[in-house]
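*Asks:* Could you work out the structure for the sequence below:
(2 chains)
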Amino acid sequence: MEIKSPIVGIEHVNKSYHKGTHTIPVLMDITLDIAEGEFLALMGPSGSGKSTLLNLIAALDNVDSGIIRVGGIDITDLTETELAVWRSVNVGFIFQFYNLIPVLTAFENVELPLLLTGLSRRERREHAEQALRVVNLASRMDHYPGQLSGGEQQRVAIARAIVTDPAILVADEPTGDLDRVAAEEILELMDRLNHESQKTIIMVTHDPRAAKKAHTIRVLDKGILNNVHSQAAS
Amino acid sequence: MYILKLLLRNAFRHKLRTSLTILSITIAILAFGLLRTFISAWYAGAEASSASRLVTRNAVSLIFPLPLSYKDKIRQIDGVKQLAWGSWFAGIYIDEKNFFANYAIDAESYMALYPEFIFPPDQKKAFLADRRGFCAGRKLIERYHWRIGDTVVLKGTVYPGNWEFVLRGIYQGRDESTDERLFFFHWDYLNEALKKTAPRRADQVGWYVIELTDPNRAAEVAQAIDKTFKNSLAETLTETEKAFYLSFISMVGAIIVAIQMVSFVVIIIIIVVAANTMVMTARERIGEYAIFKTLGFRGWRIGGMIMGESLLIAMIGCLFGIALTPPAAKIFSKIVGTYFPTFRVEIETIYMDIGASILVGLCAAIIPTWRAVKIRIADGLRRIG
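*Replies:* Reported below is the predicted structural model:
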């Protein structure tokens, strides 16, 4: 595999949660580089801190200490406002429960992130339709999430994640709520986005079959990152 | 367009809850509108008063009379064009519940001073010619189905006895605000009767109405009149017709203040009801707000969506409330119409309805907006699933 420069650089990151007077450490001295175009799976038991690490990489949460650089920018140094803009441009999100807005159609859900861009209505339409074509859902763009199956909703979520053409896709248990067939379709789609569109994908999963799609598997256990498990892409 | 669509769909996501909230706001705006109309109806007489007329009454109180002899002295004061006089009769028609204002007036001069009371010429002539005649406003006539030539008996309270009058004239108001529920008869008729039955009460009037040569001289002329009768047995208080009406209203000032307070309490209650709806809504959607933030939407945009939804619900309720107020006021006026010259919804009331609804919409959204803006993304996302 071709070695590329890291798009994500994590240095000595610590994160803990506070419950009353107790401090619960979640991540301890995490250091990790993720290369551009990488497909990384973060695995580990529940409560090991993998979703927290994903949230930190995607700037959804703040570190206690340490540095996270994404595309050369230290995101731990940005304000809330700067982070909001940064997220809208650089990161696409895929969640376990799809997190679509139920009162918006598939098309409108995909169009949502484009409202923050300066695109015209016609350009937004073109981009959203294109994203829905990529996930093979152009024919169902006028359906509401409630009218779609779980797999279809997740494909809409993926279309929403890629519509602004971000460099990084973060996925938190993307197949966790899907049956085996739908999960396989989603993983194929993510694999295709990684290969054909060179998206860097960071995926948290419990599912070994999902992890098999990744180039690299990193395992977190009790907030500590274990050794690298590289594998050939399927 | 996209945001408006989102606001509409979000607002009606829970149709029953939103409908009930809209219904509450509608009822509140209707109640608020009626109460404000009630208050403005109270002031309608003052609003309809002329700037070129003064009213002179006893300085001690309205219930004390003034000598008739004052009329000649007042006429001589510079700035006085003409004057008329009248007395509050307070007669009861059949039963006390049939309340309407009835006055003894110096008919010819009074009619000259009040061009807003329009009579058919033949009726005016007939009224002036018949000392026992009376005239009344169109609405009062319609209420009691009186016809020209009918004899009406009023039971005197201030002036005891049964007083018979014959209907000779029916007037119509020149303006919408002109009171068409008044009953006028000849002061001479009253005075002549008093000369026989209670001579000490004769040749006295309740008030003088003065027409000015120049409305801008009102203060100066009023001062001159009062100065003329200073240190007399019946000192006078002269004020503009508007101030005269307002002094009437001030007698029931506490009631008006209470009504005003109730109207504002209605709005405060509906703010709490609407705020409850919006708090529930925001709590249910906190995960969605986290998603919006995840996608890069900033707090003020999310706050704007909540405010927009709250305003939308409030304004729908407001529209229904405003639409229902005039028909409700019409029904209400049939019940209380005798007490007010007019009972119609003023444009200012509509503006106040709109203002109150905007206030409801904004206040109801404050807490949910603050919560949505402050929510940490990671915490919000944890609430999904």
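*Asks:* Which pLDDT does the model give the residue of chain A found nearest chain B?
*Replies:* Chain A approaches chain B most closely through residue A:88 (2.5 Å), counting by C-beta to the nearest C-beta. Every C-beta, even on glycine, is put in place using the N, C-alpha and C of the backbone. Listed pLDDT for residue A:88 reads 92.
*Asks:* Around chain B, which positions in chain A sit nearby?
*Replies:* A:52, A:55, A:58, A:60-61, A:81, A:84-85, A:87-89, A:93, A:95-97, A:99, A:101-104, A:108, A:111-113, A:115-116, A:160 (C-beta under 8 Å from any C-beta of the partner chain).
*Asks:* which parts of the longest helix along chain A are buried?
*Replies:* In chain A, taking DSSP state H as the definition, the longest helix is helix A:180-196. In terms of neighbour count (16 or more other C-beta atoms under 10 Å in any protein chain shown), helix A:180-196 has its buried residues at A:182-187, A:189-191, A:193-194.
*Asks:* quick one, strands of the chain?
*Replies:* No chain in the question, so chain A it is. A:6-19, A:22-35, A:39-43, A:65-70, A:73-74, A:91-94, A:168-172, A:200-204, A:216-221, A:224-230 (DSSP state E).
*Asks:* That was the other one, I meant chain B.
*Replies:* B:53-58, B:66-67, B:80-88, B:92-93, B:102-105, B:117-118, B:133-137, B:151-156, B:161-173, B:183-186, B:204-205, B:207-212, B:236-240.
*Asks:* which residues make contact with the fourth one from outside it?
*Replies:* Strand B:92-93 has contacts (C-beta atoms under 8 Å, 6 or more residues apart in numbering or on different chains) with B:98, B:100, B:144, B:152-155, B:157.
*Asks:* are any of those buried, and which?
*Replies:* B:100, B:152, B:154.
*Asks:* which one of those is nearest chain A?
*Replies:* Nearest member of the buried ones among the contacts of strand B:92-93 to chain A, counting by C-beta to the nearest C-beta, is residue B:100, at 58.2 Å.
*Asks:* Give the burial count for residue B:146, as a bare number.
*Replies:* Neighbour count of residue B:146, defined by other C-beta atoms under 10 Å in any protein chain shown: 16.
*Asks:* Can you give the distance of stretch B:146-157 from its chain's centre?
*Replies:* 28 Å (C-alpha atoms, centre = their mean, to the nearest Å).
*Asks:* ok, residues contacting it?
*Replies:* B:89-93, B:102, B:123, B:126, B:134, B:136, B:140, B:144, B:161-170, B:183.
*Asks:* do stretch A:167-185 as well
*Replies:* A:7-8, A:36, A:51, A:54, A:57-58, A:70-71, A:90-98, A:149-151, A:154-155, A:161-162, A:186-187, A:190, A:193, A:199-207, A:209-210.
*Asks:* Stretch B:194-208 too?
*Replies:* Under C-beta under 8 Å, 6+ apart, the answer for stretch B:194-208 is B:55-57, B:62, B:65-71, B:74, B:83-88, B:103, B:159, B:161, B:187, B:191, B:244.
*Asks:* Relative to the whole chain's centre, how far out is that stretch?
*Replies:* That offset, for stretch B:194-208, works out to 33 Å (C-alpha atoms, centre = their mean).
*Asks:* from the buried residues of helix A:180-196, which single one is nearest residue B:311?
*Replies:* The nearest member of the buried residues of helix A:180-196 to residue B:311, counting by C-beta to C-beta, is residue A:186 at 39.8 Å.
*Asks:* ok, residue B:252 - contacts?
*Replies:* So residue B:252 contacts residue B:42 (C-beta under 8 Å, 6+ apart).
*Asks:* Kindly report the same for the one 4 residues further on.
*Replies:* Listed by C-beta under 8 Å, 6+ apart, the contact partners of residue B:256 are B:39, B:42, B:249.
*Asks:* measure the last one to residue A:142 for me?
*Replies:* The reference is to residue B:249. Residue B:249 sits at a distance of 62 Å from residue A:142 (criterion: C-beta to C-beta, to the nearest Å).
*Asks:* neighbour-wise, which of those two wins?
*Replies:* residue B:249 (15 against 10).
*Asks:* excluding its backbone neighbours, what's nearest the most centrally placed residue in chain A?
*Replies:* Nearest residue to the geometric centre of chain A (C-alpha atoms, centre = their mean): residue A:170, 1.1 Å. Counting by C-beta to C-beta, 6 or more residues apart in numbering or on different chains, the nearest residue to residue A:170 once its immediate chain neighbours are dropped is residue A:58, at 4.6 Å.
*Asks:* Could you report the neighbour count for the one you found?
*Replies:* Using other C-beta under 10 Å, residue A:58 has 27 other residues around it.
*Asks:* quick one: contacts for it?
*Replies:* Residue A:58 neighbours (C-beta under 8 Å, 6+ apart): A:87, A:91, A:93, A:168, A:170, B:294.
*Asks:* and what of residue B:69?
*Replies:* residue B:203.
*Asks:* Next, find the distance separating it from residue A:83.
*Replies:* 90 Å.
*Asks:* go on, residue B:204?
*Replies:* Residue B:204 is 86 Å from residue A:83, by C-beta to C-beta.
*Asks:* for chain A, which spans come out with low pLDDT?
*Replies:* Applying pLDDT under 70 to chain A flags residues A:1-4, A:227-234.
*Asks:* that older thread, would you show me how to pick out the buried ones of the contacts of stretch B:194-208 in PyMOL?
*Replies:* Selecting only the buried entries of the contacts of stretch B:194-208 in PyMOL, with 16+ other C-beta under 10 Å as the criterion:
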select buried, chain B and resi 55+56+57+62+65+66+68+70+71+74+83+84+85+86+87+103+159+187+191+244
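*Asks:* Leaving out sequence neighbours, find the closest residue to the residue of chain B found nearest chain A.
*Replies:* For chain B and chain A, the shortest gap (C-beta to the nearest C-beta) falls at residue B:296, measuring 2.5 Å. Closest residue in space to residue B:296, ignoring its immediate chain neighbours: residue A:88 at 2.5 Å, by C-beta to C-beta, 6+ apart.
*Asks:* Tell me how many other residues crowd the one you found.
*Replies:* Neighbours of residue A:88 using other C-beta under 10 Å come to 20.
*Asks:* just checking, it touches residue A:161?
*Replies:* No: between residue A:88 and residue A:161 there is no contact under C-beta atoms under 8 Å: 11.7 Å.
*Asks:* residues touching residue A:40, list them.
*Replies:* Applying C-beta under 8 Å, 6+ apart, the residues near residue A:40 are A:34, A:201-203, A:214-218.
*Asks:* 10 Å instead, please
*Replies:* A:8, A:32, A:34, A:57, A:170, A:200-204, A:211, A:214-218, A:228 (C-beta atoms under 10 Å, 6 or more residues apart in numbering or on different chains).
*Asks:* and those residues, which are buried?
*Replies:* If we count by 16+ other C-beta under 10 Å, the contacts of residue A:40 have these buried: A:8, A:32, A:34, A:57, A:170, A:200-204, A:211, A:214-218.
*Asks:* ok, so of the residues you listed, who is nearest residue B:50?
*Replies:* residue A:170 (77.4 Å).
*Asks:* beta partners for the closest one?
*Replies:* Here residue A:170 sits in beta bridges with residue A:93, residue A:202, going by DSSP bridges.
*Asks:* returning to that earlier point: show the buried residues in the residues of chain A next to chain B.
*Replies:* The buried subset of the residues of chain A next to chain B (16+ other C-beta under 10 Å) comprises A:52, A:55, A:58, A:60-61, A:84, A:87-88, A:93, A:95-97, A:99, A:101, A:103-104, A:108, A:111-113, A:115-116, A:160.
*Asks:* Contact residues of chain B facing chain A?
*Replies:* B:1-3, B:5-13, B:285, B:287-288, B:290-301, B:376-382, B:384-385 (C-beta under 10 Å from any C-beta of the partner chain).
*Asks:* And these, which of them are buried?
*Replies:* B:6-7, B:9-12, B:285, B:287-288, B:290-299, B:301, B:377-378, B:380-381.
*Asks:* can you tell me which residues contact the closest residue to residue B:280 other than its chain neighbours?
*Replies:* Nearest residue to residue B:280, sequence neighbours excluded (C-beta to C-beta, 6+ apart): residue B:17, at 7.5 Å. The neighbourhood of residue B:17, defined by C-beta under 10 Å, 6+ apart, consists of B:276-277, B:280-281, B:313.
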